[in-house]
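# Quick one, what's the 3D model for this:
(one chain, ligands or ions: 1)
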Amino acid sequence: MKNQLENLKNQIILDINNANNLENLEVVYNNHFSKKGSLSQMMGNLRNLSPEERPAFGKLVNDTKEVVLNHFNLKKEELETAHLNQKLESEKINIHLPGDNLKSGSIHPLNLIIEDISNYFVKNGYEVVTGPEIELDLYNFEMMNLPVGHPAREMQDSFYFDPNVLLRTHTSPVQARTMLAKEGKPLKIICPGKTYRRDEDDQTHSHQFMQIEGLVVGEGISFANLKHTLQDMLNYLFKGEAEMRLRPSYFPFTEPSIEVDVLFTKKDGTKQYIEILGAGMVHPNVLKMGGYDPERFTGFAFGIGVERLAMLRYQIEDIRNFYTNDIRFLKQFTEEF
Ligand code: DAH
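Here you go, the predicted structure:
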């Protein structure tokens, strides 16, 4: 039996030595060290010995097991290290390769215009406010002096959710909201934002577009203040003396009302007046509904078409370019400011 054990020991050591990877070593473990392995079987042979002989042989088997197990563990460590090194070698990262370029986005041309105009007004003490795009008929029309049945409602064909709720057709409802919020105190605000009308989309029309509303209310605000503000803003926008032309117009929420044109030099060098905004002195009814006494307070308001300005400034011929978001189109405006 001793011989048998000695042979087994040599066999196990040979098997361990021959294992050249972790999978093979695992097979060796299963063959010899597991519950049904050769060493357990060797222990089972104790049954065939006399009770006196058993302890000595048992100890011998255990000692042998310890020796081969040590050998096994050393081999296992060696193979694991080799495996790790091989893995590290194969997964080596070449830090000298050029990295992936992160593509940075650019500010949308409409937002460039809004930022530019906002900067001008903030510098001049205006507050920038926002309002909801889903608006009540009350603010969008009624409080802007367009009661139900008013013919001018026709000019702003709308998307209604129900008779009282619609997508705002202009940013003017923010005038009403701001006046109510300011509770009779003087105010100077602008409000940039999206607006919606039921238009057929084409080169110059879009059912969704952007406006910047402006409103100033205080004591002694005059048409001269409006004219100066517009001229100064246009000089800022067009970087120099902008040639401005005022034309009488009609808006239900202003009296008098004007449309404002700017003289543009076209690509071919010819000049042309182009309309860029509507404005006027706030109608007494609008002041009254907003909680201001029209005998004491006056105000001016204006609404700028952002797409119109962007198209002129960047010589863009199709309004739909702003919304289809072709990267090649948007990328052109990265370095504007
Ligand atoms: N809300 C007008 C529109 O969308 C634009 C406008 C005109 C706004 C005159 C104003 C204004 O505040 O005074 O057509």
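# Residues in contact with stretch 20-40: which ones?
8, 11-12, 15-16, 18-19, 61, 64-65, 68-69, 72, 75-76, 79-80, 83 (CB atoms under 8 Å, 6 or more residues apart in numbering). Glycine gets a C-beta too; all of them are placed from N, C-alpha and C.
# Whichever of the residues you listed end up buried, select them in PyMOL.
For the buried members of these, the matching PyMOL selection, counting by 16 or more other CB atoms under 10 Å, is:
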select buried, resi 8+12+15+16+19+61+64+65+68+69+72+75+76+79
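# So which of the contacts of stretch 20-40 belong to strands?
Among those, no member falls in strands (criterion: DSSP state E).
# From the ligand, how far off is the closest residue to Val67 other than its chain neighbours?
The shortest distance from Val67 to any non-neighbouring residue, by CB to CB, 6 or more residues apart in numbering, is to Lys9 (7.1 Å). Plainly put, Lys9 is 97 Å away from the ligand if you go by CB to the nearest ligand atom, to the nearest Å.
# What about Lys9, how many residues nearby?
By the criterion of other CB atoms under 10 Å, Lys9 has 20 neighbours.
# tell me the SS of Lys35?
Here Lys35 is recorded as coil under DSSP: H, G, I helix; E, B strand; the rest coil.
# Need the per-residue pLDDT for it.
Looking at Lys35, its pLDDT is 91.
# how would you label Val217: helix, strand or coil?
strand.
# Quick check: it touching Glu183?
No: the pair Val217 / Glu183 is not scored as a contact, 11.8 Å apart, by CB atoms under 8 Å.
# quick one: which of the two has more around it?
The neighbour comparison of Val217 against Glu183 (other CB under 10 Å) goes to Val217, with 25 against 9.
# roughly how far apart are the more buried one and the ligand?
12 Å.
# if you skip the residues just before and after it, what's nearest to that residue?
Using CB to CB, 6+ apart, the nearest residue to Val217 is Gly299, at 3.6 Å.
# list the contacts for that neighbour?
Counting by CB under 8 Å, 6+ apart, Gly299 has contacts Leu215, Val216, Val217, Gly218, Ile221, Met281, Val282, Leu287, Tyr292.
# contacting residues for the residue nearest to Val67?
Contacts of Lys9 by CB under 8 Å, 6+ apart are Thr64, Val67, Val68.
# Compile the contacts of Gly299 into a markdown table and extend it with columns for distance to Tyr273 and pLDDT.
Formatted as a markdown table, the contacts of Gly299 follow (distance: CB to CB, whole Å; pLDDT from 0 to 100):
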| residue | distance to Tyr273 | pLDDT |
| --- | --- | --- |
| Leu215 | 26 | 98 |
| Val216 | 25 | 98 |
| Val217 | 30 | 98 |
| Gly218 | 31 | 98 |
| Ile221 | 27 | 98 |
| Met281 | 22 | 98 |
| Val282 | 26 | 98 |
| Leu287 | 31 | 98 |
| Tyr292 | 34 | 98 |
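# Which of the residues you listed sits closest to Gly125?
Nearest to Gly125 among the contacts of Gly299, counting by CB to CB, is Val216 at 9.8 Å.
# dump the residue contacts of the closest one.
Residues near Val216 by CB under 8 Å, 6+ apart: Leu187, Lys188, Ile189, Asn225, Thr229, Gly299, Phe300, Ala301.
# ok, so of those, who is nearest the ligand?
Of all these, Ala301 has the smallest distance to the ligand: 3.5 Å, by CB to the nearest ligand atom.
# Surely that closest one is within a strand?
Yes: Ala301 forms part of a strand when assessed by three-state DSSP.
# so it touches Leu277, yeah?
No: look at Ala301 against Leu277 with CB under 8 Å: they stay out of range, at 10.5 Å.
# Looking at these two, which has the bigger crowd around it?
Ala301 (25 against 21).
# Skipping adjacent residues, who's closest to that one in space?
In space, Ala301 is closest to Leu215, 4.8 Å off (CB to CB, 6+ apart).
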